[in-house]
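Engineer: below are the sequence and a predicted model for it; my questions follow.
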Amino acid sequence: MDRIGILVVSKCLSAAAIIDRLARSENYAPEFYVVERQPNPFNVRRAKVHRVVPDLGSAEVLRFARAHRDGISFALTDTEDFITAGGRDLLEQETGIPAVCVSRKYAIEASKADQRLLFERLFEGANPRFRVFDPRDYRSDERAAVSDFRRFAEELGEPVIKPDAPARGAGVGVWGSDFRTEREMTDFFRRAYARGRVVVEERVDGEESSFHAFSDGSHFVVAPQTRDYKRAFDGGRGRLTGGMGSYRAPRSHLPFLRPSEWESVVDAERLAFRRWKGRGSNPGLRGIVLYDALMHTGDGFRVLERNSRGGNTEQINILTTMRDDFVEVCLRMIEGRLRAIRFSERASVVTCVVPEEYGTGKEPPGVARPVDLSAAYLLQERLGEALRVYPMDLRLEVDGTTVMGGSRSVAVVGIGGSLEEAREISALGAGAVRGPVRARSDIASREDIRASEDHMDALRRGL
């Protein structure tokens, strides 16, 4: 097999899953050049060359890439920070290494307000009612802004408040979950407004999903639909987090959607992409060109937000059920010949094992806390392809121990012929992780899926 060098810029999110999927290539022998914010135990073992850059600063990443560019064919990343900072633009200009992600111009997660304005142009009726509150419009008069906000919030009834700058879900406030009184709501708005523009939009009642698509700048290839779990605790309780887990079904769409509803989403997303890219091929749109959070209602869907990289957990569902050689998929994107990607008819469930205090608002203790994955790895050996264990925010110490950070520690993936089978495997693997950790137990549960199906039926009937 031909050797191929791949640069991976990692924030220790889904990079382990990306590297594992690339390493399973049947046509190439990948060699990984990894630059990441801390020594992830999985990535360290797989890397030919490994470098820690705690802030993933562009200058240090470029220095690493220049030093090894003769051995690198292309680059991937698991963090939007690299993309929104113009990482692809700089990498290609300075080293000639192509990156499988969008250029800075299309990394629109940098602004929630700009996203809303873009959706007005790309989609018809997919935006919830919204308004952008910009301190520049009020000449530093916070009282006037607060007064206008209260009036608009009263019109909406149940508002959602989003800081303009990305906060990975944790900075968003939702009526009924993050605030329940006018005073709490106003205080939340003030805190967000003190940092810059704020988007206030109506809360949409529905069922949420994640939509991913790959592109080479011309062709638009849709991935299976996924569902993630953003709240910290079972039943959707607790604070918004970066995601506690996710799933995809054996079919291309989720159980609570009808095939016709899924087809309508795909058609609308395809049309929106054509409008976005303009005439001909647009080389700035390459990679997982969009990751849209959608809310499905009784009369169609709404776009909640867009990101220009794969979801931290949902991307793992997609990669673990991709039938095509992922190295070849990346090369086809770079070369402009991505016409299709084959996915298996298997279910994939990701359960995130997290620190006990994750999503509670409590500060983690100021001491390193070990996490033991040995039992989970033994289980993975026994179950084979049905179970994958991917370290996330874990750090390999010089003495060989593995300690946790403050974010999600491990993504445990179960793969099966049904969601129930995949969920059981994922939960079994999550339970084998030893340490001061926890995980949600209701990800892809029969009860949760049935509740979503019943909710959608009620919405369709106008109840």
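Structural biologist: Right, received. Where do you want to start?
Engineer: contacts and neighbour counts: CA atoms only from here.
Structural biologist: OK.
Engineer: residue 304 in helix, strand or coil?
Structural biologist: strand (DSSP: H, G, I helix; E, B strand; the rest coil).
Engineer: state the pLDDT value of it.
Structural biologist: Looking at residue 304, its pLDDT stands at 91.
Engineer: now stretch 429-445: average pLDDT?
Structural biologist: 98.
Engineer: for stretch 126-146, that is, sorry about that
Structural biologist: 92.
Engineer: that one: which residues count as buried?
Structural biologist: By 16 or more other CA atoms under 10 Å, the buried positions in stretch 126-146 come out as 126-128, 130-135, 145-146.
Engineer: looking at the chain, which helix is longest?
Structural biologist: If you go by DSSP state H, the chain has its longest helix at helix 259-277.
Engineer: which residues are contacting whichever helix or strand comes after that helix?
Structural biologist: Following helix 259-277 in sequence order, the next helix or strand is strand 287-297 (DSSP states H and E). Contact partners of strand 287-297, identified using CA atoms under 8 Å, 6 or more residues apart in numbering, comprise 100-102, 204-216, 301-311, 330, 333, 456, 459-460.
Engineer: list the neighbouring strands of strand 287-297 plus their orientation.
Structural biologist: strand 207-215 (antiparallel), strand 300-307 (antiparallel) (DSSP bridges).
Engineer: out of those strands, nearest to residue 389?
Structural biologist: For these, the distance to residue 389 is smallest for strand 207-215, at 22.3 Å, taking CA to CA.
Engineer: tell me the contacts of residue 353?
Structural biologist: Shown in contact with residue 353 (CA under 8 Å, 6+ apart): 244, 408-412, 430, 433, 437-439.
Engineer: most surrounded residue in those residues?
Structural biologist: residue 411 (31 neighbours; other CA atoms under 10 Å).
Engineer: show me the beta-bridge partners of it.
Structural biologist: With DSSP bridges as the criterion, residue 411 is bridged to residue 352, residue 390.
Engineer: make 457 the starting number, not 1.
Structural biologist: Okay, using 457 as the starting number, the last item reads as residue 867.
Engineer: if we can go back for a sec, dump the contacts of residue 809 to JSON lines, plus distance to residue 855 and secondary structure.
Structural biologist: Listed next are the contacts of residue 809 as JSON lines, based on distance: CA to CA, whole Å; DSSP: H, G, I helix; E, B strand; the rest coil:
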{"residue": "700", "distance to residue 855": "30", "secondary structure": "coil"}
{"residue": "864", "distance to residue 855": "22", "secondary structure": "coil"}
{"residue": "865", "distance to residue 855": "19", "secondary structure": "coil"}
{"residue": "866", "distance to residue 855": "20", "secondary structure": "strand"}
{"residue": "867", "distance to residue 855": "24", "secondary structure": "strand"}
{"residue": "868", "distance to residue 855": "25", "secondary structure": "strand"}
{"residue": "886", "distance to residue 855": "25", "secondary structure": "helix"}
{"residue": "889", "distance to residue 855": "20", "secondary structure": "coil"}
{"residue": "893", "distance to residue 855": "22", "secondary structure": "strand"}
{"residue": "894", "distance to residue 855": "25", "secondary structure": "strand"}
{"residue": "895", "distance to residue 855": "27", "secondary structure": "coil"}
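Engineer: can you name the two of those residues that are farthest apart?
Structural biologist: Between any two of the contacts of residue 809, the greatest separation by CA to CA is 15.3 Å, found for 700 and 889.
Engineer: ranges for the helices of the stretch 507-656 of the chain?
Structural biologist: Taking DSSP state H, counting those that start in this stretch, the helices of the stretch 507-656 of the chain run over residues 514-524, 536-540, 543-551, 568-578, 598-612, 638-649.
Engineer: now do the second one: distance to the chain's middle.
Structural biologist: It refers to helix 536-540. Relative to the centre of its chain, helix 536-540 is centred 12 Å away, using CA atoms, centre = their mean, to the nearest Å.
Engineer: ok, now stretch 527-543?
Structural biologist: In terms of CA atoms, centre = their mean, the centre of stretch 527-543 is set 15 Å apart from its chain centre.
Engineer: hmm, who's touching that stretch?
Structural biologist: If you take CA under 8 Å, 6+ apart as the criterion, stretch 527-543 is touched by 460-471, 489, 512, 514, 544, 553-560, 563-566, 763-766, 768.
Engineer: now do the same end-to-end measure for it.
Structural biologist: 19 Å (CA to CA, to the nearest Å).
Engineer: and the buried ones among the contacts of stretch 527-543, selectable in PyMOL?
Structural biologist: To isolate the buried ones among those in PyMOL, judged by 16+ other CA under 10 Å, type:
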select buried, resi 461+462+463+464+465+466+467+468+469+470+471+489+512+514+544+553+554+555+556+557+558+559+560+563+564+565+566+763+764+765+766+768
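Engineer: ok, now which ones touch residue 642?
Structural biologist: Residue 642 makes contact with 602, 606 under the criterion CA under 8 Å, 6+ apart.
Engineer: please apply the same query to the one 3 residues further on.
Structural biologist: Under the criterion of CA under 8 Å, 6+ apart, the contact partners of residue 645 comprise 602, 617, 654.
Engineer: and the second one, how many residues sit next to it?
Structural biologist: It stands for residue 617. By other CA under 10 Å, 25 other residues sit near residue 617.
Engineer: for the last one, same thing?
Structural biologist: Using other CA under 10 Å, residue 654 is surrounded by 25 other residues.
Engineer: which of the buried residues of stretch 582-602 fall in strands?
Structural biologist: The members of these that map onto strands under DSSP state E are 586-589.
Engineer: separation between residue 655 and residue 561?
Structural biologist: Residue 655 is 21 Å from residue 561, by CA to CA.
Engineer: ugh, wrong one, residue 911
Structural biologist: Applying CA to CA, the value for residue 911 to residue 561 is 38 Å.
Engineer: more neighbours: the two, which one.
Structural biologist: Per other CA under 10 Å, whichever of residue 911 and residue 561 has more neighbours is residue 911, with 19 against 12.
Engineer: you'd agree the more buried one is up against residue 713?
Structural biologist: No. With contact defined as CA atoms under 8 Å, residue 911 does not reach residue 713; the gap is 10.9 Å.
Engineer: care to break this protein down by domain?
Structural biologist: Domain assignment for the chain by automatic domain parsing gives 458-560, 585-658.
Engineer: so what's the spatially most central residue of the chain closest to, chain neighbours aside?
Structural biologist: Nearest to the mean C-alpha position of the chain, counting by CA atoms, centre = their mean, stands residue 767 at 1.6 Å. Counting by CA to CA, 6 or more residues apart in numbering, residue 747 is the residue found nearest to residue 767 once chain neighbours are left out, at 6.7 Å.
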